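Peer 1: okay, sequence plus prediction incoming.
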Amino acid sequence: MVMSAKGRPVSGDDVAAADEAILFMGKSKADQEGQGHVLNAYAADHWLCVVSLLKLMHLERPEHFGSPRNFLFTLDDGRVLSRDAMVELLRVGGVAEGVPASALSVISLRAGGASALWELGYSVEEIKRRGRWLSDAWRCYVGEARERWRGVAGDMLSAKGCLMAAVARFERP
C-alpha cells in the first residue's frame, strides 16, 4: 500500500496529510486475468473513510507499512488476519448497528460496494472494474435500496403507453 498526498507518495509523519490510499493486490481467485490489481481510494468526509482508517493504522504501526510485501491486515504476532476473524469483526460491528449477525459475511463487503455503486448510477463497466469482475456475476450481489421503488407503482400507472402491449397489436373491427 502507498499513501499519497496531492498525487505524490508520502511516508513517515507525512502520512498524516495523505488524501489517497493506493492498494496493490496480488493474484487471487477474483483476479480473472492473473495480473493482480491496483485499487485507489480518495479521502472522504465520513467516519468510515478508508483513507482515514488506513492513516490511523499507519500511525499505530509505521514499521509495518515500510515493506510492500506485508499484508495489509497483519496481526501483532505476524499472522495475517483470517477470513473467519474478519467475519467475526463484521458481525460484531453489524450487531452494534442493529444488523443480524447471520446477515453478514466477507461477501457483504463486495455486495455492499457493488450495491452502492449501482445506486449512485455508476456504469456496469465501472462496477465490474472496481469489483474485479470479468463476467456479469456482480449483478447477483446488488441489492437496491427499497426507497428507490417508493413511487414505482404510481409511475407505472401514469405511463402513456398501452398497459396491455400484447393485446394492442390486435385491432378490433
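Peer 2: Cool, got the structure.
Peer 1: tell me which strands and helices the helix or strand encompassing residue 112 is in contact with?
Peer 2: Element membership for residue 112 (DSSP states H and E) is helix 107-119. Here helix 107-119 touches helix 124-131, going by 3 or more CB pairs under 8 Å, 6 or more residues apart in numbering; DSSP states H and E. C-beta: built from backbone N, CA, C; applies to glycine.
Peer 1: what's the weakest-modelled helix or strand in the chain?
Peer 2: When each helix and strand of the chain is scored by mean pLDDT, DSSP states H and E, helix 165-168 comes last, with a mean of 62.
Peer 1: centroid residue for the protein?
Peer 2: Of all residues in the chain, the one closest to the mean position by CA atoms, centre = their mean is residue 113, 2.9 Å from it.
Peer 1: from what I can see it touches residue 132, true?
Peer 2: No. With contact defined as CB atoms under 8 Å, residue 113 does not count as touching residue 132 (10.6 Å).
Peer 1: picking up where we left off before, contacting residues for the residue nearest to the centre of the chain?
Peer 2: Residue 113 makes contact with 130, 131 under the criterion CB atoms under 8 Å, 6 or more residues apart in numbering.
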